[in-house]
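Undergrad: Sequence first, then the predicted structure, then my questions.
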Amino acid sequence: MKTLRLLLPLLVMSCGGPSDPHSQVMDQIERNVILPAGAAQLSDYSRYYAGVKGGRVQAAFVIHPEIYRQGVRDFCASKKVRSFPCSPDGKSKLPGPGERIWLRTPDEMPIPSGGGCEAVTFQYDPQSGEFTRRECNGSH
């Protein structure tokens, strides 16, 4: 009985299903990124990642206004689009503040025009651990 109690947590953990294959690199980025002056805290951003040429990772950290989130929910519910930002069942797949998602391509990243530090973009090289210039999105 004692052995069963010791093994039970291991059995439960192994039944959790496959983890996101990109979680390690996303964790690495989030542990090491230094956001630009004027940026919010990391936990305030919806975080988007996608692979680009040369093994680099494109990242976009975005604070979406609720009106935008509602617009995406309405769009997904009415159009039944099967690609990001919509799920096949007509729901929004936008990550919430403090959440993250790995996208198929950087073209799927919902980056607003302007918005200052409500959007921060950069690239990361997992091999060297180097970040490109982390920038707020500008004023327009």
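TA: Here it is on my side, so go on. Since this is a predicted model, take the numbers as computed values, not measurements.

Undergrad: For the rest of this, base every contact and every neighbour count on C-alpha atoms.
TA: Will do.

Undergrad: helices and strands of the protein: which one has the lowest mean pLDDT?
TA: Of the helices and strands making up the chain, the lowest-confidence element is helix 2-14, at a mean of 34, by mean pLDDT, DSSP states H and E.

Undergrad: Residue 79: what's its closest spatial neighbour, skipping adjacent residues?
TA: Nearest in space to residue 79, with sequence neighbours left out and distances taken as CA to CA, 6 or more residues apart in numbering, is residue 90 at 7.4 Å.

Undergrad: For burial, what's the neighbour tally of that neighbour?
TA: Using other CA atoms under 10 Å, residue 90 has 19 other residues around it.

Undergrad: in this protein, what spans have low per-residue confidence?
TA: Confidence mapping of the chain against pLDDT under 70 gives the ranges 1-19, 139-140.

Undergrad: Now do the strands in it.
TA: For the chain, the strands identified by DSSP state E occupy 46-51, 57-62, 100-102, 119-125, 130-131, 135-136, in order along the chain.

Undergrad: Can you tell me which of those strands is packed in deepest?
TA: For the strands of the chain, the stretch with the most neighbours on average is strand 57-62, a mean of 25; neighbours defined as mean count of other CA atoms under 10 Å.
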